[in-house]
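> Provide a 3D model corresponding to the input given below.
(chains A and B)
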Protein chains: 2
Amino acid sequence: MSAGFGERVRAGIDARGPLCVGIDPHGSLLASWGLSDDAAGVREFGLRTVDAVAPHVAIVKPQVSFFERFGAAGFAALEDVLSAARNAGLLVIADAKRGDIGSTMDAYAAAWLSPGSSLEADALTVNPYLGVGALDGALGLARAHGKGLFVLAATSNPEGRALQGAVGSTGGSVSAQVVAEVSARNAAEVQGDAWGSAGFVIGATVDWTDAGLAAFAPSAPILAPGFGAQGAEPRDLVARFGAMAPCVIASESRSILSAGPDGLADATAARAAEYREALHD
Amino acid sequence: MSAGFGERVRAGIDARGPLCVGIDPHGSLLASWGLSDDAAGVREFGLRTVDAVAPHVAIVKPQVSFFERFGAAGFAALEDVLSAARNAGLLVIADAKRGDIGSTMDAYAAAWLSPGSSLEADALTVNPYLGVGALDGALGLARAHGKGLFVLAATSNPEGRALQGAVGSTGGSVSAQVVAEVSARNAAEVQGDAWGSAGFVIGATVDWTDAGLAAFAPSAPILAPGFGAQGAEPRDLVARFGAMAPCVIASESRSILSAGPDGLADATAARAAEYREALHD
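A predicted model of the protein is given here:
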């Protein structure tokens, strides 16, 4: 078997830096790109984005909801986009935030992480409300195929604070508990400083104190939305994540996509360079 | 506009009792029904289930993951099943457990709750990890169209206990906090004892003490998975939910579906009667 998912991400960041382009075809972007607000539009949007960014970044993150809103036709478009992205050598994180238990969760994992599935991606974002342990079947399937999960730990939206900052019986916040449980699974998977298959989602603009989170030694990549339009800048990679910065995947969507289909390649190349500099200065 | 979602559910329970049949075409059931483990199989499974149960219950709950595992083809099958169920006069809860923020969450709501969407259902299960407030856009869309949400509050799987039992700054558990926040939204929507559009998901076998939950006056339906194969019986409706029992939608899947395509109608009719008796004794 080839390298596990964590090490594949590390190699991608080493080669091209931490910028991940979110593929978020919402209505306003489709309009500004001159595309129709339908399944054909999101397909075209996704394929053009893949073409434009593939030479410049290692990772893309299609936002599933913007395809799902067109039902089966939107999913057919997403299948084409996922396939094009993987064929272009990109690591693809399906941002679907799925979360369930038992065989139901396993079915989601089969959909997104089984080799040969029409929706095959390299990783899936998942929601731990039903317990990190409820994701173990999905994690096992991911590991068996060199795939990964990104588990929501701390999000930067204010509505999430009360829940994610609640304190469990072990004394840590919900976010800290998720980080600890995910870390334990990586520790059981990999040796030394290798990265495991279970990544974290921690928003770039999260207030770590509010979230009850302290710096930790990440055993896997941290997917950090919130760069770009939501306010975080390349310099915040180190300013906010400190020693953890080398593990961070910095995800931007609107800020880059708003360059439009003609400006997207140059905008991505320039922004990718800024992140590499920020990380290596 | 016609009645809101909560009142539509109440009318359904009044007419046919609280049993909801889950449409869960997992591999083992497809095999025992003699159907193929592919999109055609899940379509046939769903359509036959709708036909068999429509005369006997008010509510069905398709489990989206079992369709999603076949990608766009599976979603096309699901569209047919959703449409058949709604045309048969059933209230359809899409069990997708979606959860995100802002325009991303709105896109999920548009997919599942917009009139005319190919995936149109009557209600959607949603995940509050990003905050109940992050679901407000979806709730607004639901209300505008007589649709509903069911927000995960307390699930009965043991892996979920630590997170859902964590205690927030207001002193209540995460589950209690979700119940309170959802209840406040219903109180702002409806008057008197009318049911609002934002329901709760509370597993039938939840340990309420572990979950930090106390009996409350439900302002909306409580969707309770865990009846049937997971261990709860019709008599538990009142034994476990007490004064809240009239608000409970008792969801069974495998226990009923395992009757097979030929036995399903009779099994459903018999079980539906048991629940009505349990509720009215």
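
> wait, doesn't A:Gly226 sit right on A:Gly203?
Yes: between A:Gly226 and A:Gly203 there is a contact under CB atoms under 8 Å: 4.4 Å. All C-beta spots, glycine's among them, are computed from the backbone N, C-alpha and C.

> show me which of the two is the more surrounded one.
A:Gly203 (24 against 21; other CB atoms under 10 Å in any protein chain shown).

> any idea how far that one is from B:Ile101?
Distance, A:Gly203 to B:Ile101, by CB to CB, to the nearest Å: 10 Å.

> next one: A:Ser83
Taking CB to CB, one finds A:Ser83 at 28 Å from B:Ile101.

> compare neighbour counts for the two and give me the winner.
More crowded of A:Ser83 and B:Ile101, by other CB under 10 Å: B:Ile101, with 22 against 17.

> now A:Pro62: phi and psi?
phi -70, psi 130 (degrees, to the nearest 10).

> can you give me the strands in chain A?
Listed in chain order, the strands of chain A (DSSP state E) span A:19-23, A:59-62, A:91-98, A:123-126, A:148-154, A:198-202, A:222-224, A:248-252.

> determine the set of other helices and strands touching the shortest one.
Put plainly, it is strand A:222-224. Helices and strands touching strand A:222-224, by 3 or more CB pairs under 8 Å, 6 or more residues apart in numbering or on different chains; DSSP states H and E, are strand A:198-202, strand A:248-252.

> packing partners of the first one?
If I follow you right, that is strand A:198-202. strand A:148-154, helix A:174-189, strand A:222-224.

> nearest to B:Gly260, out of those?
Proximity to B:Gly260, assessed across the helices and strands packed on strand A:198-202 by CB to CB, is greatest for strand A:148-154 (35.4 Å).

> so which bits of the stretch 101-250 of chain A are right by chain B?
Neighbours of chain B within the stretch 101-250 of chain A, by CB under 8 Å from any CB of the partner chain: A:101-105, A:107-108, A:110-111, A:117-119, A:127-134, A:152, A:155, A:157-170, A:173-174, A:177-178.

> and the residues you listed, which of them are in helices?
A:102-105, A:107-108, A:110-111, A:161-164, A:174, A:177-178 (DSSP state H).

> let me know the closest of those residues to B:Gly12.
Distances from B:Gly12 to those, taken by CB to CB, are shortest for A:Thr104, at 24.2 Å.

> and the residue of the stretch 151-281 of chain A closest to chain B?
Using CB to the nearest CB, the single residue of the stretch 151-281 of chain A nearest to chain B is A:Glu159, 3.0 Å away.

> report the contact partners of that residue.
B:Ile101, B:Leu130, B:Gly131, B:Val132, B:Gly133, B:Ala134 (CB atoms under 8 Å, 6 or more residues apart in numbering or on different chains).

> and A:Pro128, by the same measure?
Contacts of A:Pro128 by CB under 8 Å, 6+ apart are A:Gly99, A:Ala134, A:Leu135, A:Val151, A:Leu152, A:Ala153, A:Val178, A:Glu181, B:Tyr129, B:Leu163.

> thought A:Ile13 was touching A:Ala58?
Yes: look at A:Ile13 against A:Ala58 with CB under 8 Å: they come within range, at 6.4 Å.

> give me the below-cutoff pLDDT ranges for chain A.
A:1-2 (pLDDT under 70).

> which one in it is furthest away from the centre?
In chain A, the residue that sits farthest from the middle, by CA atoms, centre = their mean, is A:Ser169; the gap is 29.4 Å.

> pretty sure A:Pro55 sits against A:Ala265.
Yes: using CB under 8 Å as the test, A:Pro55 is close enough to A:Ala265 to be in contact (7.3 Å).

> nearest to A:Gly89, of the ones in helices among the residues of the stretch 101-250 of chain A next to chain B?
Distances from A:Gly89 to those, taken by CB to CB, are shortest for A:Ala111, at 22.6 Å.
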